[in-house]
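Visitor: Pasting the sequence and the predicted coordinates here, then a few questions.
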Amino acid sequence: MALILYQHPLASFCHKVLMALYENGTPFESRIIDLGNEESRASLVRLWPLAKFPVLRDEMLDSTVPETSIIIEYLDRHYPGPTPLLPADPSDALCVRLWDRFFDLYVQDPMQKIVADVRWTEKDQSPQTVAEAQALLRTAYGMIEKQLDGKIWITGDSLTMADCAAAPALFYAETVVPFAEEHSRLKAYYRRLLERPSFARVLQEAMPYFHMYPCREKLPAQFRPEKPDA
């Protein structure tokens, strides 16, 4: 297999790249990385010493590609499919890149800070950090709501890289800061993302790992892990 994706099925940033791969039916081999396992971690570090996933390895072109947005652009250029994930028009492409970064920086990042705080012991938790992250998410939701006016996807009528960024970011963010009543367009957009076959497949593959998610009880009902027998 020419393409190998080093990833973990629970990780939101991995979901972003997986959605892009499934959207275009791009053949690849998945290698699940367990950062707690020395040998597994070492296999990732050999490719990308920062030990951050996902990382794409292209054996045919002898390329190692880190960082989600770069991976998706690389796939769009070298392994294009029926769904172009970055528009050919430079201005449209800039808009897609903007919203791709928006979801990474202003939805993913504050969401991860809140989830991380849940995992800390009480003495290490930071209510101020959580409050700031919650406020940032609410601001982001409002901006997304406005952006979606008259649009099916975040930048228009076609699904792009920005929607691949939005899907996992919103999936996890909604568990820590639920969408408000005034976010009707955002809620409808979120439903469209959940129903998109490429993202539905990502979530289905993540199901066996959702019990590891610290806020698992707030996942949508169909994704909540079954409670163990008493």
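Guide: Done, it's in. Residues are numbered from 1 along each chain as shown.

Visitor: Run through who's touching stretch 17-35.
Guide: Residues outside stretch 17-35 that contact it (CB atoms under 8 Å, 6 or more residues apart in numbering) are 1-9, 40-41, 43-44, 51, 53-54, 56, 68, 71-72, 75, 79-83, 85, 159, 161, 164, 167-168, 196-199, 201-202, 205. C-beta coordinates here come from the backbone N, C-alpha and C atoms, glycine included.

Visitor: Can you give the distance from it to the centre of its chain?
Guide: Counting by CA atoms, centre = their mean, to the nearest Å, stretch 17-35 is centred 12 Å from the centre of its parent chain.

Visitor: quick revisit: just the buried residues out of the contacts of stretch 17-35, in PyMOL syntax.
Guide: Here is the PyMOL command that selects the buried residues among the contacts of stretch 17-35 (16 or more other CB atoms under 10 Å):
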select buried, resi 3+4+5+6+7+8+9+40+44+53+54+56+68+71+72+75+79+85+159+161+164+167+168+196+198+199+202
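
Visitor: In helices, which of the contacts of stretch 17-35 fall?
Guide: Counting by DSSP state H, the contacts of stretch 17-35 place 40-41, 43-44, 68, 71-72, 75, 161, 164, 167-168, 197-199, 201-202, 205 in helices.

Visitor: Could I get the full set of strands for the protein?
Guide: 3-7, 29-32, 55-58, 63-66 (DSSP state E).

Visitor: Mind giving me the packing neighbours of the longest helix along the chain?
Guide: Looking across the chain with DSSP H, the single longest helix is helix 127-147. Packing contacts for helix 127-147, counted by 3 or more CB pairs under 8 Å, 6 or more residues apart in numbering; DSSP states H and E, involve helix 90-103, helix 109-119, helix 161-176, helix 184-195.

Visitor: Quick one: mean pLDDT over the third one.
Guide: Pointing back at helix 161-176 there. Per-residue pLDDT over helix 161-176 has a mean of 98.

Visitor: Just the angle for that helix relative to helix 127-147, thanks.
Guide: For helix 161-176 against helix 127-147, the angle by axes from the mean of the first three to the mean of the last three CA atoms, to 10 degrees is 130 degrees.

Visitor: again, but for the first one
Guide: On the basis of the same axes, to 10 degrees, helix 90-103 is oriented at 150 degrees to helix 127-147.

Visitor: what angle separates helix 90-103 from helix 109-119?
Guide: In terms of direction (the same axes, to 10 degrees), helix 90-103 departs from helix 109-119 by 20 degrees.

Visitor: Touching helix 90-103 from outside, list them.
Guide: 69, 85-87, 140, 143, 147, 154-156, 160-162, 164-166, 169-170.

Visitor: how far is it from where the chain is centred?
Guide: With CA atoms, centre = their mean, you get 16 Å for helix 90-103.

Visitor: Only the buried residues of it, if you could.
Guide: Neighbour-count burial for helix 90-103, counted by 16+ other CB under 10 Å, picks out 93, 95-97, 99-100, 102-103.
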